[in-house]
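Peer 1: Following is a predicted model, sequence given first.
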Amino acid sequence: MLTCVLLSTKESAKVAKKLIEELTDDIDGTKAERTVTFAFDGHGYEIELSKKNITVFTKQMSPWVDAARKAGTVKSTTQTKATRRNARSASAARADKDAIRTWANENGHQVADRGRIARAIVEAYDAAH
């Protein structure tokens, strides 16, 4: 559990804010050390644990982890958000490629409807814009 406390004070025209983030152990409610990410049966999980509970979790999981083979890494929600941002960037890049293709066709350059656009055409497009 993540607890956020926002403190603000007003001093004439200045406003100061202080955001305090505190992780709480999801098992016993004590102060958590960090978020532990793990996967089981095709699902990824995150849990905030104290040092004590990280030790307990690691000790209890070790027989299964030691006997298992690695299958990749589990993506955290932060990584997933970054992936979504990259997908939006790829979408924007496709729109740019469409604009370059349209410009190239209108200006006598030969360019395929799909695939890689030659560097010379991209450079000519950039120079024209």
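Peer 2: Happy to help now that I have it. Not measured: the values here are computed from a predicted model.

Peer 1: Spell out which residues make up each domain of this structure.
Peer 2: For the chain, automatic domain parsing gives the domain ranges 2-74, 78-128.

Peer 1: need those in JSON lines with mean pLDDT and mean neighbour count, can you?
Peer 2: Any C-beta I mention is one placed from the backbone N, CA and C, and that applies to glycine too. JSON lines is the format used below for the domains of the chain (pLDDT from 0 to 100; neighbours: other Cβ atoms under 10 Å):
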{"stretch": "domain 2-74", "mean pLDDT": "83", "mean neighbour count": "11"}
{"stretch": "domain 78-128", "mean pLDDT": "77", "mean neighbour count": "12"}
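
Peer 1: Which phi and psi values does the residue of the chain positioned farthest from its centre adopt?
Peer 2: What lies farthest from the middle of the chain is Gly108; by Cα atoms, centre = their mean that is 41.4 Å. Dihedral pair for Gly108: phi 80, psi 10, per degrees, to the nearest 10.

Peer 1: my hunch is that Lys97 is in a strand, does that hold up?
Peer 2: No. Membership of Lys97 in a strand is not supported by DSSP: H, G, I helix; E, B strand; the rest coil, which gives helix.

Peer 1: What separation is there between it and Arg114?
Peer 2: 9 Å (Cβ to Cβ, to the nearest Å).

Peer 1: residue boundaries of the strands in this protein?
Peer 2: In the chain, the segments counted as strands under DSSP state E are 2-11, 14-23, 34-40, 43-49.
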